[in-house]
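In: Task: produce atomic coordinates for the following.
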Amino acid sequence: MRDEFASILEQKIIATNVEATLIVHRGLYIRNPDNLDEKLEKIKRDIGNVTKQTEVTFEFGVRNKEELKEKYNIDLDQLEQLPFQVQVTYTAADGSKALRVLTQLKQTTEDREKAEVNAIRSIIAENHIRSTANDMMAAISDDEEEGERTHMRSKWSTPTVQKQRVAYMSNLNEKVRSRGNYELDQFNERRWNTASSELQSHVITSR
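Out: Residues are numbered from 1 along each chain as shown. From the prediction side, this is the model:
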């Protein structure tokens, strides 16, 4: 722990006041981390200072196909690619302000297993850990006027949801092994197991 903390302090800041905005196709949605039941087409994340090791994750999903046809005349089954765009504003080390726009088209597939085994597991695992930690923080609010702490546990911050996330990663690891490309994404499964186990303990004790 001490060595990891020292390593973080040694990381050089390459940009400050960083904000990232993700925009997705209307057929998709982004989950709002502040209201997990809210589905957005665009979301802005205030990141702050950034180093070369900084990672930011977003959760997105597919909207109801029948609703898309009725409201927007969009047939997802006919789309072979979907666009993603990230707009990043920041202050560089020399004090100049800049905007960088990254746009990519991603291939669609009806084969969920194909999509999962070709995903970068380290990003999925990192998002699971951050999501659980954020859910726990959101589930606790301080009522300063009455001087007492009120626990507002939602369905997202329960041990059951954390177990589901851990089970998902375990199943994904098995799928990747069966495809023979287990080492390709350099995913540190031992570190994931340790981190998820510790987080699960915190979720249980916070009830």
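
In: looking at the chain, which helix or strand is least sure?
Out: Sorting the helices and strands of the chain by mean pLDDT, DSSP states H and E puts strand 148-151 at the bottom, at a mean of 44.

In: Show me what the helix or strand just after it packs onto, helices and strands only.
Out: Following strand 148-151 in sequence order, the next helix or strand is helix 159-179 (DSSP states H and E). On a contact count with 3 or more CB pairs under 8 Å, 6 or more residues apart in numbering; DSSP states H and E, helix 159-179 meets helix 112-117, helix 121-138, helix 189-205. The way it works is simple: take the backbone N, C-alpha and C, and place the C-beta from them, glycine included.

In: okay, the second one in PDB with CA atoms only?
Out: Same thing as helix 121-138. In PDB, the C-alpha atoms belonging to helix 121-138 read as follows (Å, rounded to 0.1, in the frame of the first residue of the first chain):
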ATOM      1  CA  ARG A 121     -11.500  -7.000 -18.800                       C
ATOM      2  CA  SER A 122      -9.300  -4.600 -16.800                       C
ATOM      3  CA  ILE A 123     -11.700  -1.700 -17.800                       C
ATOM      4  CA  ILE A 124     -14.800  -3.700 -16.900                       C
ATOM      5  CA  ALA A 125     -13.200  -4.700 -13.500                       C
ATOM      6  CA  GLU A 126     -12.200  -1.100 -12.800                       C
ATOM      7  CA  ASN A 127     -15.700   0.100 -13.600                       C
ATOM      8  CA  HIS A 128     -17.200  -2.600 -11.300                       C
ATOM      9  CA  ILE A 129     -15.000  -1.500  -8.400                       C
ATOM     10  CA  ARG A 130     -15.600   2.200  -8.900                       C
ATOM     11  CA  SER A 131     -19.400   1.700  -9.400                       C
ATOM     12  CA  THR A 132     -19.700  -0.200  -6.200                       C
ATOM     13  CA  ALA A 133     -17.700   2.400  -4.200                       C
ATOM     14  CA  ASN A 134     -19.800   5.200  -5.700                       C
ATOM     15  CA  ASP A 135     -23.000   3.300  -4.900                       C
ATOM     16  CA  MET A 136     -22.000   2.900  -1.300                       C
ATOM     17  CA  MET A 137     -21.200   6.600  -1.000                       C
ATOM     18  CA  ALA A 138     -24.500   7.600  -2.600                       C
END
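
In: How is the chain divided into domains?
Out: Domains of the chain are assigned by automatic domain parsing as 1-108, 110-207.
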